[in-house]
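Visitor: Sharing a sequence plus its predicted fold:
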Amino acid sequence: MEESNEKILAIDIGGSHIKATILNNKGVFLQKYERENTPKPTTPSSVLNVIASIAKRFPEYDKISVGFPGYVKGGIVKTAPRLGTDLWRNYDLAKSLQIILGKPALVINDADLQGIALASGKGVEMVITLGTGFGSAVLRDGILLPHLEMSQHPVTKSKNYNAYVGEEALQKIGKKKWNKRMKKIICILKTVFNYDHLYISGGNAELISFKLDKNITLDNNKDGIKGGAFLWNQNKMDLDEKITAHLIEGH
């Protein structure tokens, strides 16, 4: 099958819901979203059962892309702060998906997946997601840089980013104080990353009430799953570069 005709099952695993759709290789939605509540407790087996159930609702697909809320390396989960790291540590999610669904699978951090979808490909771009927790991704000229688990970095002596502006903090302190905290965080990110553009996504992004700089954009959380298509394109680029380097060295 030509790559242009391939269908990609894109899955977004969140603290509240697991969502999926079918995309073509350009990120165009071929079917409507399907979603289920994230199971509790959120064990690998319970999540896989939900994904398998959702996947049955789609007639056909050729590849799988997954955004996971934690640090993922080579398809293997290293941390899962919102789901339970002890349950997920060193779990090979990509391999498990390939076994139960019978298709090749790529798994990366969920904010990284959104980053690939939202970035314009010009300069240093940063994406932050505001939902159950705090997610982040950094790209240079459209290419993902190594993932930094910003959610676990301390903002105060007692709070990391998750605890400072996550959903639990929002409900506890209210929108006014939450917005004040978000102002502080944006100032930190501007200084540390010196980004050319910042994208703010996630379910709570719409709650931001203060004026943003011209190089900051609020984006639709729904579009982030389009990264499921672009992930495979970027993966192919990485493979092509490795093959080329190998041929040059061999020559």
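Guide: Here it is on my side, so go on.
Visitor: Provide the contact partners of stretch 143-150 at residue level.
Guide: Stretch 143-150 is contacted from outside by 70-72, 79, 81, 108-109, 112, 115-116, 128, 134-139, 161, 234, 237, using C-beta atoms under 8 Å, 6 or more residues apart in numbering. All C-beta atoms are positioned from the backbone trio N, CA, C, and that covers glycine.
Visitor: Mind doing that once more with 6 Å?
Guide: Stretch 143-150 is contacted by residues 71, 109, 112, 136, 138, 161 when judged by C-beta atoms under 6 Å, 6 or more residues apart in numbering.
Visitor: Same question for it: list its buried residues.
Guide: Counting neighbours by 16 or more other C-beta atoms under 10 Å, one finds that the buried residues in stretch 143-150 are 144, 147, 149, 150.
Visitor: and if you look at stretch 162-179?
Guide: Buried residues in stretch 162-179, defined by neighbour count with 16+ other C-beta under 10 Å: 162, 163, 164, 165, 166, 167, 169, 170, 178.
Visitor: before we move on, what about stretch 219-235?
Guide: So, applying 16+ other C-beta under 10 Å, buried residues of stretch 219-235: 219, 221, 224, 225, 226, 227, 228, 229, 230, 231, 232, 234.
Visitor: Mark which of the buried residues of stretch 143-150 are part of helices, please.
Guide: Within the buried residues of stretch 143-150, no residue falls in helices by DSSP state H.
Visitor: Dump those residues into TSV; add distance to residue 24 and pLDDT as well.
Guide: Formatted as TSV, those follow (distance: C-beta to C-beta, whole Å; pLDDT from 0 to 100):
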residue	distance to residue 24	pLDDT
144	21	89
147	26	88
149	31	86
150	31	89
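Visitor: Tell me the one of those residues nearest residue 40?
Guide: Proximity of the buried residues of stretch 143-150 to residue 40 was ranked by C-beta to C-beta; the top entry is residue 149 with 23.0 Å.
Visitor: So that closest one versus residue 205, what's the distance?
Guide: When distances are taken as C-beta to C-beta, to the nearest Å, residue 149 and residue 205 turn out to be 20 Å apart.
Visitor: show me where pLDDT drops low in the protein?
Guide: 1-4, 221, 235-251 (pLDDT under 70).
Visitor: Kindly report the domain assignment for it.
Guide: The chain breaks down into these structural domains: 3-112, 118-223 (assignment by automatic domain parsing).
Visitor: what's the span of the last one from first residue to last?
Guide: Pointing back at domain 118-223 there. In terms of C-alpha to C-alpha, to the nearest Å, the two terminal residues of domain 118-223 are separated by 8 Å.
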